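> generate a structure from the sequence data that follows.
(one chain, ligands or ions: 2)
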Amino acid sequence: MNGTTGQTRHQDRVWSVDEHLDDVLSKIAPLDPIELQLLDAQGCVLVEDITVPVALPPFDNSSMDGYAVRAADTASATQDAPVPLTVIGDIAAGPGELPSVGPGQAARIMTGAPLPPGADAVVPVEWTDGGAGEGPAAEMRAHSAAPQDAGGEVRVHRPAAAGAHIRTRGSDVTEGEPALAAGTVLGPSQIGLLAALGRGTVRVRPRPRVVVLSTGSELVQPGEALGPGQIHDSNSFQLTAAARAAGALAYRVGAVADDAETLRSTLEDQLIRADLLVTSGGVSVGAYDVVKETLTALSAEEGTVEFRKLAMQPGKPQGFGLIGPDRIPLLALPGNPVSSYVSFELFVRPALRTLMGLPDVHRPTLRARITDAIASSPKGRRQFLRGSHDAEAGTVAPVGGAGSHLIKAMAHANALIVVPEEATEVTADSEVDVVLLG
Ligand SMILES: Nc1nc2c(c(=O)[nH]1)N[C@H]1C(S)=C(S)[C@@H](COP(=O)(O)OP(=O)(O)OC[C@H]3O[C@@H](n4cnc5c(N)ncnc54)[C@H](O)[C@@H]3O)O[C@H]1N2
Ligand code: MOO
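Ligands and ions are numbered 1, 2, ... in the order given. All right, here's what the predicted structure looks like:
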């Protein structure tokens with residue numbers, strides 16, 4: 001009946017999972033870099049080489065709470081014959097005048113405080129009497145309670161070698177040394193280093209802004225009561241959460257009814273704040289599949305979205321294209337909850353990570369021994385079953401069945417079990433590919 005007025009023509013070919021993925025990734029390029037505040041750059045890819053502007057530490061300082069001394073003065077110190085030194089004052093961390101330590105003298109010093117001139121070692125307070133005139137001290141007394149300890153005498157019970165408990169200038173990094181290379185993904189420690197180097201902002205590829213939009217006249221917002229024929233909209237929540245977990249800034253748009261005009265105007269409104277759009281539902285062959293209906297009817301200026309069938313299960317019907325004046329990528333995922341989530345993991349997540357310029361865009365895949373048989377798998381389609389992977393045992397157990405409406409099983413899985421296109425069953429204890437989630 002091809003060519004009959006009003007009837008959609010058959011898509012003539014089935015795409016493999018890899019062909020669809022390659023097509024999506026070939027049309028997506030990393031976002032242009034921007035300068036971001038340090039904490040906003042977490043998880044982003046650095047695009048500049050960072051060179052150390054000032055050595056770290058910037059000055060010689062104490063690694064212990066104790067006394068800055070001349071090492072030679074303490075050489076003979078023992079528990080039985082402690083060496084008395086005159087305390088000439090306190091040096092706390094922070095700015096301030098530094099006293100000069102002469103022979104027979106000590107300055108009480110706090111961890112991180114600059115080493116005063118004349119001193120070449122620090123004796124920890126535990127190696128002294130702390131100025132109290134008794135045995136070894138466990139700690140210093142607070143200055144507010146015992147201001148006299150900043151003067152008087154301290155008895156040293158153990159010798160300190162020259163350089164002991166001193167962190168020298170540049171012992172971490174020196175001026176001009178490379179600190180971080182372009183391409184580094186900024187985690188907590190890298191952000192800490194940048195802050196230590198005095199960087200307030202940094203040049204990175206930004207997180208993509210993703211708009212997630214679900215469609216379906218049956219959908220009701222969670223928290224609201226269901227009427228006849230209605231279900232709660234779970235996809236937009238699952239997909240928004242997945243986009244955030246992938247590193248994106250994701251915005252969830254409440255479910256749009258199966259109405260072409262509403263969908264078209266909602267998409268138009270959302271384009272302005274999106275680097276990528278994700279829709280769920282309305283892509284199969286029904287009479288109310290409004291996503292497909294609306295997006296296949298776009299004018300040339302509005303963009304092109306192609307709908308195709310993939311040799312996979314779940315996730316057979318998929319749409320992909322570029323829309324709006326800026327040609328924003330749009331992935332139209334099938335509405336069945338497991339189908340939309342599996343499609344996200346296989347296609348949207350790599351797309352988002354490509355936009356971020358990240359090195360690893362795919363989930364890790366490994367081999368595992370399957371604990372139970374898979375009685376049947378559709379021939380010619382790559383099947384993604386939900387599984388529970390046990391890393392220690394090297395096994396994976398199927399969770400729930402193949403149905404793409406099984407939301408609970410998805411929530412109890414930590415992996416996808418891959419059954420290849422050519423396989424129609426899998427025997428227990430055989431090796432399978434497993435995609436690790438999260
Ligand atoms: N005659 C055929 N029917 C179907 C085919 C086919 O090839 N021929 N393919 C099936 C497959 S496979 C899939 S997957 C679905 C895809 O359908 P749509 O993308 O058009 O999705 P809907 O019809 O809108 O919904 C399907 C299903 O999922 C529920 N749903 C939708 N959105 C949400 C949401 N946001 N939260 C929770 N649940 C949602 C919806 O109520 C339906 O039950 O088509 C098959 N049909
Ligand atoms: O592809 Mo559908 O996603 O099998 O349920």
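> only C-alpha atoms from now on, for both contacts and neighbour counts.
OK.
> what about the helices in this protein?
Using DSSP state H, the helices of the chain run over 17-26, 71-74, 188-196, 235-245, 260-271, 290-296, 337-343, 349-355, 407-411.
> so, low pLDDT: which residues of the stretch 1-150 of the chain?
For the stretch 1-150 of the chain, the stretches with pLDDT under 70 are 1-11.
> for Arg13, give me its contacts.
308-309 (Cα atoms under 8 Å, 6 or more residues apart in numbering).
> how far away is it from Gly387?
Using Cα to Cα, to the nearest Å, we find Arg13 at a distance of 30 Å from Gly387.
> re earlier: save the helices of the chain as JSON lines, and put in mean neighbour count and distance to ligand 1 too.
Converted to JSON lines, those look like this (neighbours: other Cα atoms under 10 Å; distance: least, Cα to the nearest ligand atom, whole Å):
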{"stretch": "helix 17-26", "mean neighbour count": "15", "distance to ligand 1": "14"}
{"stretch": "helix 71-74", "mean neighbour count": "19", "distance to ligand 1": "73"}
{"stretch": "helix 188-196", "mean neighbour count": "15", "distance to ligand 1": "35"}
{"stretch": "helix 235-245", "mean neighbour count": "21", "distance to ligand 1": "4"}
{"stretch": "helix 260-271", "mean neighbour count": "15", "distance to ligand 1": "13"}
{"stretch": "helix 290-296", "mean neighbour count": "22", "distance to ligand 1": "8"}
{"stretch": "helix 337-343", "mean neighbour count": "26", "distance to ligand 1": "5"}
{"stretch": "helix 349-355", "mean neighbour count": "24", "distance to ligand 1": "18"}
{"stretch": "helix 407-411", "mean neighbour count": "16", "distance to ligand 1": "9"}
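> can you add distance to Ile323 and give those back as TSV?
Below are those laid out as TSV (distance: least, Cα to Cα, whole Å):
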stretch	distance to Ile323
helix 17-26	14
helix 71-74	73
helix 188-196	36
helix 235-245	20
helix 260-271	8
helix 290-296	9
helix 337-343	20
helix 349-355	16
helix 407-411	31
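> include distance to ligand 2 when you put these into JSON lines, please.
Formatted as JSON lines, the helices of the chain follow (distance: least, Cα to the nearest ligand atom, whole Å):
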{"stretch": "helix 17-26", "distance to ligand 2": "12"}
{"stretch": "helix 71-74", "distance to ligand 2": "75"}
{"stretch": "helix 188-196", "distance to ligand 2": "38"}
{"stretch": "helix 235-245", "distance to ligand 2": "13"}
{"stretch": "helix 260-271", "distance to ligand 2": "22"}
{"stretch": "helix 290-296", "distance to ligand 2": "15"}
{"stretch": "helix 337-343", "distance to ligand 2": "4"}
{"stretch": "helix 349-355", "distance to ligand 2": "17"}
{"stretch": "helix 407-411", "distance to ligand 2": "12"}
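> what is the burial count for Glu302?
The local packing of Glu302 (other Cα atoms under 10 Å) involves 16 other residues.
> so it touches Gly324, yeah?
Yes - counting by Cα atoms under 8 Å, Glu302 does reach Gly324; the two are 5.0 Å apart.
> residues in contact with Ser340?
235, 239, 280, 315, 333-334.
> hang on, the earlier thing: quick one, which of the helices of the chain is nearest to Pro136?
Counting by Cα to Cα, Pro136 lies closest to helix 71-74 out of the helices of the chain; the figure is 15.1 Å.
> and the closest one, C-alpha only, in CSV?
Coordinates of each C-alpha in helix 71-74 appear next as CSV, following Å, rounded to 0.1, in the frame of the first residue of the first chain:
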residue,chain,number,x,y,z
ALA,A,71,69.3,22.0,65.7
ALA,A,72,72.8,22.2,67.2
ASP,A,73,71.3,23.5,70.5
THR,A,74,69.3,20.3,70.9
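> just how off-centre is that helix within its chain?
51 Å (Cα atoms, centre = their mean, to the nearest Å).
> which strands or helices does it pack on?
Judged by 3 or more Cα pairs under 8 Å, 6 or more residues apart in numbering; DSSP states H and E, helix 71-74 is in contact with no other helix or strand.
> gap between Thr215 and ligand 1?
6 Å (Cα to the nearest ligand atom, to the nearest Å).
> what of Leu310?
Noted for Leu310: a distance of 10 Å to ligand 1, by Cα to the nearest ligand atom.
> around that residue, how many other residues sit close by?
Leu310: 21 surrounding residues under other Cα under 10 Å.
> ok, now His362?
A count of nearby residues for His362, using other Cα under 10 Å, gives 17.
> same thing with the one 3 residues further on?
Thr365: 15 surrounding residues under other Cα under 10 Å.
> what parts of the stretch 251-400 of the chain come near ligand 2?
Within the stretch 251-400 of the chain, the residues that sit near ligand 2 (Cα under 6 Å from any ligand atom) are 313-316, 336, 339.
> let me have those in CSV, extended by pLDDT.
Shown next, in CSV, are those (pLDDT from 0 to 100):
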residue, pLDDT
Gln313, 97
Pro314, 98
Gly315, 97
Lys316, 97
Asn336, 97
Ser339, 98
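> span of stretch 269-278 from start to end?
Start-to-end, stretch 269-278 (Cα to Cα) is 14 Å.
> so which bits of that stretch are buried?
Buried residues in stretch 269-278, defined by neighbour count with 16 or more other Cα atoms under 10 Å: 270-271, 274-278.
> pick the one among those residues closest to ligand 1.
Proximity to ligand 1 was ranked across the buried residues of stretch 269-278 by Cα to the nearest ligand atom; first place goes to Val278, at 11.6 Å.
> so which residues on the stretch 251-400 of the chain come close to ligand 1?
So far as Cα under 6 Å from any ligand atom goes, the stretch 251-400 of the chain lies against ligand 1 at 280-285, 289, 315-316, 334-337, 339.
> identify the farthest-apart pair in these.
Pairwise distances across those peak at 17.2 Å for Val285 and Pro337 (criterion: Cα to Cα).
> quick one: Ala72 from Gln270, how far?
Ala72 is 73 Å from Gln270, where distance means Cα to Cα.
> what parts of the stretch 101-250 of the chain come near ligand 1?
By Cα under 6 Å from any ligand atom, the residues of the stretch 101-250 of the chain that approach ligand 1 are 214-216, 233-236.
> of all those, which comes closest to Tyr67?
Closest approach between these and Tyr67, by Cα to Cα: Ser236, at 61.7 Å.
> these two touch, right, the closest one and Val211?
No - using Cα under 8 Å, Ser236 is not in contact with Val211; the gap is 9.7 Å.
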